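# Take this sequence and fold it.
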Amino acid sequence: MSGKPELRGRAARLARLLPAGAGQAARTPFVLLVVLLLGGGLIGLLVLNSALSEGAFRLDDLQKETKSLTDEEQGLQRDVDAYSAPDALQRRARELGMVPGGDPAFLDPDGTVKGVPGAAGRQSAAQAPMIPPPEVLAPVPARTPSPVRSAAPSTAQRQPSPGALSTRAPAPSTQPSTTPGR
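Numbers count the residues shown, from 1 in each chain. Below is the predicted model of the structure:
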């Protein structure tokens, strides 16, 4: 007698439909497929992780650049505010030789003059208040001492006194101005 019982009837017909060596199927292709799928998944995750890290570094660089540009914009806006202040405009107008206007006269649409125009008077230096330019009011960056110094500085290399700095006009800028009329 064999270890398997003989099947009869409907069970015998169903048993003939199934292959006899189903339990003996080769496992090598299945194992190879699973290993390839796992390896491909790991490599895909590695590539995805690298791309995300690269994006994070680029984002960090862009945030630093944005902060730097924002700081520069704020500094430039402070300069614009300092130059557009009324006292700075008055000082600049005096430097250009402008004087305050006299009494205005108005023209009607029909061409008649209303009011009596007055001449602009020359303001003397004694009447003009001394307003320091914005460059003098701005904090001066600290200079780093150079490692090599000469024993005796020449007269051309001497630093002016702090009082002399406030009375001197600032040197004109070599960069073109973005403000019209300057």
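# can you map out the helices along the protein?
Listed in chain order, the helices of the chain (DSSP state H) span residues 10-17, 28-83, 86-95, 134-137, 162-167.
# Make JSON lines from the ones you listed and add mean pLDDT, mean neighbour count and distance to T112 to it.
C-beta coordinates here come from the backbone N, C-alpha and C atoms, glycine included. As requested, the helices of the chain are exported to JSON lines (pLDDT from 0 to 100; neighbours: other Cβ atoms under 10 Å; distance: least, Cβ to Cβ, whole Å):
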{"stretch": "helix 10-17", "mean pLDDT": "78", "mean neighbour count": "10", "distance to T112": "118"}
{"stretch": "helix 28-83", "mean pLDDT": "95", "mean neighbour count": "10", "distance to T112": "40"}
{"stretch": "helix 86-95", "mean pLDDT": "91", "mean neighbour count": "14", "distance to T112": "31"}
{"stretch": "helix 134-137", "mean pLDDT": "56", "mean neighbour count": "15", "distance to T112": "44"}
{"stretch": "helix 162-167", "mean pLDDT": "43", "mean neighbour count": "10", "distance to T112": "49"}
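# Mind putting the ones you listed into JSON lines with distance to V116?
Below are those laid out as JSON lines (distance: least, Cβ to Cβ, whole Å):
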{"stretch": "helix 10-17", "distance to V116": "122"}
{"stretch": "helix 28-83", "distance to V116": "35"}
{"stretch": "helix 86-95", "distance to V116": "24"}
{"stretch": "helix 134-137", "distance to V116": "38"}
{"stretch": "helix 162-167", "distance to V116": "40"}
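# And the ones you listed: which comes nearest G115?
Across the helices of the chain, G115 has its closest neighbour in helix 86-95 (23.4 Å, Cβ to Cβ).
# Could you list every helix and strand in contact with that closest one?
With contacts defined as 3 or more Cβ pairs under 8 Å, 6 or more residues apart in numbering; DSSP states H and E, the packing partners of helix 86-95 are helix 28-83.
# Kind regards, and thank you for your time.
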